[in-house]
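Student: predicted model follows, preceded by the sequence.
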Amino acid sequence: MNLKFAMPLAICCAATVGCQKHATADPEVEYKVDRFADIEVIRYTVPGFDSLSLDQKKLIYYLNEAAIAGRDIIWDQNCKYNLPIRAMLEAVYTNFDGDKSSDNYKAFETYLKQVEFANGIHHHYSMDKFTPLFSREWLAEAVNELPAESKPENFEELAEVIFNPEVMAKRVNQADGVDLIATSACNLYGGGITQQEVEAYYNKLKDPKDETPISYGLNSKLVKLEDGTIVEEVYKVDGVYGKQIEKICELLAKASEYAESPAQKSYIDKLIEFYRTGSLKAFDEYSIQWVEDTADSVDFINGFIESYGDPLGMTGQYESIVNFKNEKASHRTELISENAQWFEDRSPVDPRFRKPEVKGVSAKVITAAILAGDAYPATPIGINLPNANWIRAAHGSKSVTLENITEAYDIAAHGNGFAEEFVIDEPTRQLMDDYGFITDNLHTDLHECLGHGSGRLLPGVDPDALKAHGSTLEEARADLFALYYLADPKLVELGLVDNADAYKAEYYKYMLNGLMTQLVRIEPSKDLEEAHMRNRQLIAKWVFEKGQPDNVVELVKQDGKTFVKINDYEALRGLFGQLLAEVQRIKSEGDYEAGRQLVENYAVKVDRQIHDEVMARYNALDIAPYKGFVNPVYTPVTDKNGEITDIKVSYTEDFLPQVLRYSKDYSF
Ligand code: ZN
């Protein structure tokens, strides 16, 4: 599960050089790369790469190359027209010598960037097909000017897909009551096959008594042959995407030579076996070996991982992230996990609901070296894998935070005007500048390493008793545990922060977000649906209301604008503790009715007046709602015998040059 995506409004912004408490910008690096439509492309750096050993650098280099080698797979999975359309658009862009100041050309350039960013013609988040703002005639003319070898044979067909809004309208359809395969534009099933046929096929294969089931359909395309029989065409070296997979295997084999340990070599070789045979048993064996290797510094995922791109949630999208451990920041999560029992024993909940023996989840903090496939250019900031439930139960999972990515978000958000518009005064802004980044990270660490694992159910209580409200209340429980302990002197004692007031930065951010600014993601007249958003409003509104008699938090007007004002941070901490006790009671006792009331009274309904005001103020700032990244460029340095003596990393390539280079060098 790619658990966490960055909020589009990273508010904690801190880029002052020389202070280790917050994200530090490299003055040589241009973080802002491109801005078009609803997208901002930014750059991340890879701190610590230069200090790795030569073998580690080579390992990362070959894993990176393997990661990008699968790029065309995700394009083709997203829609079968994506690769021919990309080839045509890129040919027009690189050959065009007409009027580049015309509206048609400018709209074409924006469209090309949108397609490159989304790995296809559908928006990466909304899944809706992009609407081109240049004319079909203009494109026809530009294509006509192309050299013969770059001209598509089926221009009319491709143009129909680009310009007719009815054709391939949505990549993944989730609506009820229709055939999800027929109404989705993604290319994970063969033509003419129905949802019913797919479900029947897999139901026949599945054995409900199998305690270690393979992930059916993860790496295959179900196809209906002319005689009506249904067959699985498997993604493997001599199957679907054979050329790309062959190249990935070749590069993984090179990486394997530089593995940090026999254990790591063994799972890289297992992954190659999976790619060669297509065997999902081999993939499970690889996943188990991978999750059990926690000693090595360099790590990666490469494969068919998440299945959000499949309306039936079965087939995995190609994805790869290569990374290495951030030792210093991982020390933070290790410290928290080691002290898990201390926190549990003092938690402000009824002692009957505490865990007598609690084990902190050891999450590690990593530095991403390359993002690829479904994780490029838009990437998650936290990952928790593998996905197979039985492997998680029997062998555990790896939970990681991509801190150089959150850092890049933070640096790029600096100076976007958000804090000036929404934070009440200069001292609060300064506090958030100084401590927003570290306390935000600590909040995530406490939430992930301790929050979810804390507390226990009373004997006989059904873990699913809270039903549809279960995930909102579970997120609230983890958030409240984190918020409560963020203000604890224990964190200063452990050396995790150096200022007992640092927590106020996160408290302010949390209240501002929950009461006001998260609403920028909600469409007019809609209510809150997503569990994390509901949880944040539940907490913010509840403590706001309960603190009213003592004026703990208030909403004040300045020049007609609404601001959050926190008058008593200590009392606010007390209220977080009170709500934690209540949410824990609801969970431990399985009190569905009380849970339902909490969610319905505080978490769902949107204050329309605040919503309108926040939207107007936010839109005036022109902040891109979606962000993504260009990758660094890694260049091997060789001696006169061709031996690699070093790998240099650079941060100068821009967005279009990068994707055009990928298309040229990594299409097989
Ligand atoms: Zn959570």
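Tutor: Great, that's in hand.

Student: doesn't Asn567 make contact with Asn551?
Tutor: Yes. Applying Cβ atoms under 8 Å, one finds Asn551 in contact with Asn567, separated by 5.5 Å. (Each C-beta comes from the backbone N, C-alpha and C, glycine too.)

Student: distance of Ile74 from Ala118?
Tutor: Ile74 sits 10 Å away from Ala118, going by Cβ to Cβ, to the nearest Å.

Student: actually Leu442, sorry about that
Tutor: Look at Leu442 and Ala118: by Cβ to Cβ, they are 34 Å apart.

Student: can you check Ala91 too?
Tutor: To Ala118, Ala91 is 19 Å away according to Cβ to Cβ.

Student: of the two, which one has the most company?
Tutor: Between Ala91 and Ala118, Ala118 has the larger neighbour count (other Cβ atoms under 10 Å), namely 25 against 18.

Student: assign the closest residue to the more buried one other than its chain neighbours to helix, strand or coil.
Tutor: Here the nearest residue to Ala118 in space, its sequence neighbours aside, is His124; by Cβ to Cβ, 6 or more residues apart in numbering that works out to 4.3 Å. What DSSP: H, G, I helix; E, B strand; the rest coil gives for His124 is coil.

Student: in contact with His124, which residues?
Tutor: By Cβ atoms under 8 Å, 6 or more residues apart in numbering, the contact list for His124 reads Phe117, Ala118, Ala378, Tyr626.

Student: one more time with 7 Å
Tutor: Counting by Cβ atoms under 7 Å, 6 or more residues apart in numbering, His124 touches Phe117, Ala118, Ala378.

Student: what does Lys398 give?
Tutor: Neighbour list for Lys398: Val291, Leu385 [criterion: Cβ under 7 Å, 6+ apart].

Student: rerun at 10 Å
Tutor: For Lys398, the contacting residues are 290-294, 299, 301, 361-364, 366, 383-386, by Cβ atoms under 10 Å, 6 or more residues apart in numbering.

Student: show me which of the residues you listed is closest to Pro27.
Tutor: Ile366 (24.5 Å; Cβ to Cβ).

Student: I figured Tyr569 hits Lys504, correct?
Tutor: Yes. Under the criterion of Cβ atoms under 10 Å, Tyr569 makes contact with Lys504 at 5.2 Å.

Student: quick one: mean pLDDT over the host helix or strand of Lys565.
Tutor: Here Lys565 sits within strand 561-566, counting by DSSP states H and E. For strand 561-566, mean pLDDT is 98.

Student: okay, now the sheet partners of it, with direction.
Tutor: Here strand 561-566 is paired, per DSSP bridges, with strand 553-558 (antiparallel).

Student: and the strand it pairs with, what's buried?
Tutor: Val553 (16 or more other Cβ atoms under 10 Å).

Student: stretch 389-408 now?
Tutor: Residues of stretch 389-408 classed as buried: 391-392, 397-408 (neighbour count, 16+ other Cβ under 10 Å).

Student: save these as a markdown table, and put in pLDDT too.
Tutor: As requested, these are exported to a markdown table (pLDDT from 0 to 100):
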| residue | pLDDT |
| --- | --- |
| Ile391 | 90 |
| Arg392 | 81 |
| Ser397 | 82 |
| Lys398 | 86 |
| Ser399 | 82 |
| Val400 | 88 |
| Thr401 | 87 |
| Leu402 | 93 |
| Glu403 | 92 |
| Asn404 | 95 |
| Ile405 | 95 |
| Thr406 | 90 |
| Glu407 | 92 |
| Ala408 | 94 |
